[in-house]
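Engineer: Whatever this is, show me its structure:
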Amino acid sequence: MHVGGDVSFQLDHVARAAWRLLALQDRDPNSPSFGCFHTAYWRDKTSEFPDARFQECGAALGLLSLTTFDGLRTIEVLPSRGELMDSFIAGAVNLSRQQYSDGSYDEWYKGERGFAATAFTTVHYGLAALNSLFGSMPCGRVRSFTRVGNGMLRCLLIARRSLVSASTRRAPRRLEPH
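Structural biologist: As a prediction, this is how the structure comes out:
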C-alpha cells in the first residue's frame, strides 16, 4: 500500500503500537475475561466491570491483520496476521459477552447501557469486519459478532424513534397577557 503525507505517518504510528495493544489484552484462553482489553478490570482488578470502549483495540488489530499491511510485517513492525486475527476474534467474543440483551454496553458505570460505548465500539468492529475479515473468521465467531451488530441496530432504531417523537411534540403554548 502506498500512501503519503499524514496518512502514511498515522498508519506507521498505529502499526508500531500493535505490540502495545496486544499487551493490553487478556490472552489467557482459560481466563473468564479472555479477550478483554480493559487492564484495570482483568489484570489490576480495580474496576468492577469491563469498559467496552477498550475493546476498540481489537478492531484496530483486526484491521492491521489485512494483507494491505503485509509490507509492515516484512520489516517486523507488525505481529503476524494470525496473531492479530486471533486477538481480533477474542476481542469480538469478549465484546459480545459484555453486551446486554438490548444491545448496549457499559462504559463509565455498571448498568449504564451507554449509547457512546455501544455506537463507537460496534462501528469499529463493523468496519473491521467489512474489510474482509469474515473470510478468515471461524463461523462460530461470526455469530458472536452478528449479535453485536444486531444490538447496535436496535439501539439506532430506539434513538431514531426518540428523535422522531421529540421532533413531533408541540412546544407549549405561550400565555398571552390579559
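
Engineer: What does the pLDDT read for residue 58?
Structural biologist: Predicted confidence (pLDDT) for residue 58: 92.

Engineer: for residue 106, same thing?
Structural biologist: pLDDT for residue 106: 90.

Engineer: Pull the number of nearby residues for it.
Structural biologist: The tally of other residues near residue 106 (other Cβ atoms under 10 Å) stands at 21. Just so you know, the C-beta spots here come from the backbone N, C-alpha and C atoms, and that holds for glycine as well.

Engineer: Who are the contact partners of it?
Structural biologist: Residues near residue 106 by Cβ atoms under 8 Å, 6 or more residues apart in numbering: 49, 50, 51, 52, 98, 112, 113, 114, 117.

Engineer: give me that answer again for 6 Å
Structural biologist: Going by Cβ atoms under 6 Å, 6 or more residues apart in numbering, residue 106 touches 49, 112.

Engineer: packing partners for the helix or strand hosting residue 123?
Structural biologist: Following DSSP states H and E, one finds residue 123 within helix 115-128. Contacting helix 115-128 under the criterion 3 or more Cβ pairs under 6 Å, 6 or more residues apart in numbering; DSSP states H and E are the following elements: helix 56-64, helix 139-168.

Engineer: weakest of the ones you listed in terms of mean pLDDT?
Structural biologist: helix 139-168 (a mean of 57).

Engineer: where does the protein have its least confident helix or strand?
Structural biologist: Counting by mean pLDDT, DSSP states H and E, the chain has its least confident helix or strand at helix 139-168, which shows a mean of 57.

Engineer: And the next helix or strand past the helix or strand hosting residue 23?
Structural biologist: Using DSSP H and E, residue 23 sits within helix 18-24. With elements assigned by DSSP H and E, the helix or strand that comes after helix 18-24 is helix 39-42.

Engineer: what's that following helix packed up against?
Structural biologist: Contacting helix 39-42 under the criterion 3+ Cβ pairs under 6 Å, 6+ apart is no other helix or strand.

Engineer: Could you shift the numbering so residue one becomes 761, and keep it that way?
Structural biologist: Okay, using 761 as the starting number, the last item reads as helix 799-802.

Engineer: can you pull the buried residues of it?
Structural biologist: 799, 801, 802 (16 or more other Cβ atoms under 10 Å).

Engineer: ok, now which ones touch the first one?
Structural biologist: I take that to be residue 799. Listed by Cβ under 6 Å, 6+ apart, the contact set of residue 799 reads residue 784.
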